[in-house]
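> Task: produce atomic coordinates for the following.
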Amino acid sequence: MSRLINPIQTLPFIQKVRWALDPIGYLEKAGQQYPDIFTANVFSRNSVFVVDPQGIQQVLTSDRKQLSAPGGANRILEPVVGSYSVFGLDGDPHRKRRQIVMPAFHGARLQTYGQLIFDLTKKVFDNLKPQQTFLARNITQEISLEVILQAVFGLYEGDRRQKLQQLLTTMLDNTTTPLGAIYLFFPALQRDLGAWSPWGKFLRKREQVDKILYAEIADRRANHDPNRTDILSMLLSSVDEDGQGMTDQELRDELLGLLVAGHETTATAMAWALYWIQRSPEVKEKLLAELKTVNNPTDWTAIFKLPYLTAVCNETLRIHPVAMLTFPRLTEEPIALLGHKLDTHTVVQACIYLLHHREDLYPNADQFQPERFLDRQFSPYEFMPFGGGARRCVGEALAQFEMKIVLATIISHYNLELREDKPVKPQRKGVTLSPKGGIKIAVV
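Residues are numbered from 1 along each chain as shown. Next up, the predicted model:
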């Protein structure tokens, strides 16, 4: 057995528990000891965590060459998204699936969602009572779930839509609380001990979600409407380079994959952005001034391209990256990385959280400073909130578009007040990080 690279000297079980309950504390302690590369034992086997940008570049540009990006390494998400989404596929099937899915998130298709996102944001905020304290994370999640249901699933109204909304919320809550995350990280706990057991409850919710999704897919196949703009409709009519369409199982898994990847994550990012904007009056003033320069308030492309709004979103995603790590890579042959030798079949992951907090890249890294993204162009291996390489997030464009339209709408139309006495800290929410307590805010 080869010598481990900078191993964390703590019992594997203790590492796993700390990673599940206090991931930032775990990472920061490891990063202080080994700032560029170290070996963690937090999954089913040792993983090399890379924090140095040059090392990350080598890892991500070697996809499908010296390193592979196996879908099986993402098995932690399988109970939710199944085995046939872009998360679970690898090799040629993964490449073909990305080619089918990617067009849904680019070009003119994005613009069709601008008015929808604006209207949904207004609808949610208009229902808030003045001076009533609410949790920003709950409100942004309500918006992001509506965007998924309408823009992705194509469900606008009706009993099926209402039922699916309730089921998805409760199903995800069963796996995204700090305690619920334990069930994802420790598969031995995934036992159905009845309808009232945590995992049993999750399985029954998932079964109900599947029933609705398969019914919707069957209806769409039977009543295909080429004029629909939702992503499910696009996927139903898409074929890969071999002329093959997607099966019902593949569609179901892809829809849930898009839900998990684009719902919780975008909601969290928007909540953090509201927090920092409210904590930084000068940032809010600059945003309002910039938004006033847009002649047509429904020109979603112009809003999307605003430089300071983009900098605010980027700084939010830097200081609080929703994902802490890239998807795992596996060495296909012995390689040298940052002066260390890695054997074949070594698991390697870029650590996004520690990368985004490197003081040599981001001085005063714990301070919210959007200007750093106006003063410098960071490489994809220095700033990577959506991962990179073959596993880069397929919904990145939609997430950024949604985040900017929602924030622009809120800042332009509502006056908010932060109602937090102490700084809000991040905590684990499933496989991501989320603001502890949800961030108290009020419309004034």
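
> Quick check: what element follows whichever strand or helix holds residue 408 along the chain?
Using DSSP states H and E, residue 408 maps to helix 396-413. Heading C-terminal from helix 396-413, the first helix or strand you meet, by DSSP H and E, is strand 416-418.

> same for that next one, what does it pack against?
If you count contacts as 3 or more C-beta pairs under 8 Å, 6 or more residues apart in numbering; DSSP states H and E, strand 416-418 packs onto helix 265-279, strand 440-443. In short, each C-beta sits where N, CA and C put it, glycine included.

> Next secondary structure element downstream of that strand?
Beyond strand 416-418 in the direction of the C-terminus, DSSP H and E gives the next helix or strand as strand 426-429.

> Return the distance of the following helix or strand past that following strand from the chain's centre.
Following strand 426-429 in sequence order, the next helix or strand is strand 432-435 (DSSP H and E). The gap between where strand 432-435 is centred and where its chain is centred comes out at 10 Å by C-alpha atoms, centre = their mean, to the nearest Å.

> same deal with stretch 201-212?
For stretch 201-212, the distance to the chain centre is 22 Å (C-alpha atoms, centre = their mean).

> May I ask you to confirm that residue 394 is in contact with residue 89?
No - using C-beta atoms under 8 Å as the test, residue 394 is too far from residue 89 to be in contact (11.8 Å).

> hmm, back to that, comparing the helices and strands packed on strand 416-418, which comes out most buried?
Of all the helices and strands packed on strand 416-418, helix 265-279 carries the top mean neighbour count, a mean of 24, counting by mean count of other C-beta atoms under 10 Å.

> which residues sit against stretch 328-344?
Residues external to stretch 328-344 that are found in contact with it (C-beta atoms under 8 Å, 6 or more residues apart in numbering): 2, 5, 36-37, 43, 47-48, 50, 52, 54-55, 58-60, 62-63, 65-70, 73-74, 345-349, 389.

> same thing but 7 Å
2, 5, 36-37, 47-48, 52, 55, 58-59, 66-70, 73, 345-349 (C-beta atoms under 7 Å, 6 or more residues apart in numbering).

> Flag the shaky bits of the stretch 51-200 of the chain, pLDDT-wise.
For the stretch 51-200 of the chain, the stretches with pLDDT under 70 are 63, 71-76, 107, 174-185.

> can you give me the helices in it?
In the stretch 51-200 of the chain, the segments counted as helices under DSSP state H, counting those that start in this stretch are 53-60, 78-81, 91-101, 108-111, 114-126, 136-147, 159-176, 178-185, 198-222.

> Kindly compare burial across those helices and name the winner.
Using mean count of other C-beta under 10 Å, helix 136-147 ranks as the most buried of the helices of the stretch 51-200 of the chain, with a mean of 23.

> tilt between that one and helix 114-126?
140 degrees (axes from the mean of the first three to the mean of the last three C-alpha atoms, to 10 degrees).

> roughly how far is helix 136-147 from the heart of the chain?
14 Å.

> report the angle between the axes of that helix and helix 265-279?
Orientation of helix 136-147 against helix 265-279 (the same axes, to 10 degrees) gives an angle of 140 degrees.

> by contact count, what packs against helix 136-147?
Contact analysis of helix 136-147 by 3 or more C-beta pairs under 7 Å, 6 or more residues apart in numbering; DSSP states H and E lists helix 114-126, helix 265-279 as its packing neighbours.

> Distance to residue 229 added to those helices, as CSV?
CSV is the format used below for these (distance: least, C-beta to C-beta, whole Å):
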stretch, distance to residue 229
helix 114-126, 9
helix 265-279, 19
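
> number of nearby residues for residue 294?
The tally of other residues near residue 294 (other C-beta atoms under 10 Å) stands at 17.

> What distance do you get for the closest residue to it other than its chain neighbours to residue 114?
Nearest non-adjacent residue to residue 294, counting by C-beta to C-beta, 6 or more residues apart in numbering: residue 302, 5.0 Å away. The spacing between residue 302 and residue 114, counted by C-beta to C-beta, to the nearest Å, is 10 Å.

> quick one: contacts of the helix holding residue 408?
105-106, 110, 113-114, 117-118, 121-122, 125, 143, 147, 262, 265-266, 269-270, 273-274, 277, 284, 287-288, 291, 300, 303-304, 309, 313, 386.

> Weed out the non-buried ones from the contacts of stretch 328-344.
Buried subset of those (neighbour count, 16 or more other C-beta atoms under 10 Å): 5, 36-37, 47-48, 52, 55, 58-59, 66-70, 73, 346-349.

> residue ranges for the helices of the stretch 251-400 of the chain, please.
Assigned by DSSP H, counting those that start in this stretch, the helices in the stretch 251-400 of the chain fall at 265-279, 281-291, 300-304, 307-319, 352-355, 372-375, 396-413.

> The first one packs against which elements?
If you count contacts as 3+ C-beta pairs under 7 Å, 6+ apart, helix 265-279 packs onto helix 136-147, helix 281-291, helix 307-319, helix 396-413, strand 416-418, strand 432-435.

> Out of these, which is closest to residue 247?
helix 396-413 (23.9 Å; C-beta to C-beta).

> CA atoms of the closest one as PDB?
Listed next in PDB are the C-alpha coordinates belonging to helix 396-413 (Å, rounded to 0.1, in the frame of the first residue of the first chain):
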ATOM      1  CA  GLU A 396     -24.900  26.900 -14.300                       C
ATOM      2  CA  ALA A 397     -26.300  29.400 -16.800                       C
ATOM      3  CA  LEU A 398     -29.900  29.100 -15.500                       C
ATOM      4  CA  ALA A 399     -28.700  29.400 -11.900                       C
ATOM      5  CA  GLN A 400     -26.800  32.600 -12.600                       C
ATOM      6  CA  PHE A 401     -29.700  34.000 -14.700                       C
ATOM      7  CA  GLU A 402     -32.200  33.200 -12.000                       C
ATOM      8  CA  MET A 403     -30.000  34.600  -9.200                       C
ATOM      9  CA  LYS A 404     -29.500  37.900 -11.000                       C
ATOM     10  CA  ILE A 405     -33.200  38.400 -12.100                       C
ATOM     11  CA  VAL A 406     -34.500  37.600  -8.600                       C
ATOM     12  CA  LEU A 407     -32.000  39.900  -6.800                       C
ATOM     13  CA  ALA A 408     -32.600  42.700  -9.300                       C
ATOM     14  CA  THR A 409     -36.300  42.400  -8.800                       C
ATOM     15  CA  ILE A 410     -36.100  42.400  -5.000                       C
ATOM     16  CA  ILE A 411     -33.700  45.200  -4.800                       C
ATOM     17  CA  SER A 412     -35.600  47.400  -7.300                       C
ATOM     18  CA  HIS A 413     -39.100  46.900  -5.800                       C
END
